[in-house]
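Enquirer: Sequence plus the predicted model coming up.
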Amino acid sequence: MDGVVVPIPPLSEEQRQQARDAATAARRRRAEVKEWLRSGKLTIAAVLELADQDDVVAHTKVIDVLKSQPRVGDVRAAKVMERLKIAPNRRLRGLGRHQIDGLVAEFPPDQQ
C-alpha cells in the first residue's frame, strides 16, 4: 500500500453530528475527572484505576492529569514526566507498569 491514498468516505450530516456529540461528551468527561483531581475527590491512583475501565479517561494525556493536581504546574509536571521516562504526548492507557507505580509513589493518596 505504498503511496496509495484511500479516500475517506463522506459522512452524512447525521453522522457528523453524532461524532460532534461524542467528542463533546468525551471532553466533558475528561474535564470532570480533572476537576475531581483538582478538588481532591480523586487521587492519581484512582484515576489510573478508572482508566482501566473507562476508554474516555484512558485517552486523557498524562501531562493534563498531572497539571490537574493541586500544587503541580508545568515545571513540576514536566520534571516528573522526564524522571519517570513518560513521553510528553503519552496518554494514560499507554503507561507501563513502572511508570504507573512511579506516578502513584510520586503522588501518594495521603498527600493529596
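Expert: Yep, it's here.
Enquirer: Show me the helices in this structure, by range?
Expert: 13-39, 44-53, 55-58, 62-67, 74-83, 97-106 (DSSP state H).
Enquirer: any low-confidence regions in the chain?
Expert: Counting by pLDDT under 70, the chain contains low-confidence ranges at 1-2, 110-112.
Enquirer: residue closest to the middle of it?
Expert: Against the mean C-alpha coordinate of the chain, by C-alpha atoms, centre = their mean, the closest residue is Thr60 at 1.7 Å.
Enquirer: what's near enough to touch the residue nearest to that residue when sequence neighbours are not counted?
Expert: The spatial neighbour of Thr60 that comes closest, neighbours along the chain excluded (C-beta to C-beta, 6 or more residues apart in numbering), is Arg30 at 5.0 Å. Where you see a C-beta, it was placed from the backbone N, CA and C, and this is true even at glycine. For Arg30, the contact set (C-beta atoms under 8 Å, 6 or more residues apart in numbering) comprises 56-57, 59-60, 64.
Enquirer: could you flag which of these are buried?
Expert: With burial judged by 16 or more other C-beta atoms under 10 Å, the buried subset of the contacts of Arg30 is 56-57, 60, 64.
Enquirer: so can I have a markdown table of these showing distance to Val75?
Expert: Shown next, in a markdown table, are these (distance: C-beta to C-beta, whole Å):
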| residue | distance to Val75 |
| --- | --- |
| Val56 | 28 |
| Val57 | 25 |
| Thr60 | 20 |
| Asp64 | 15 |
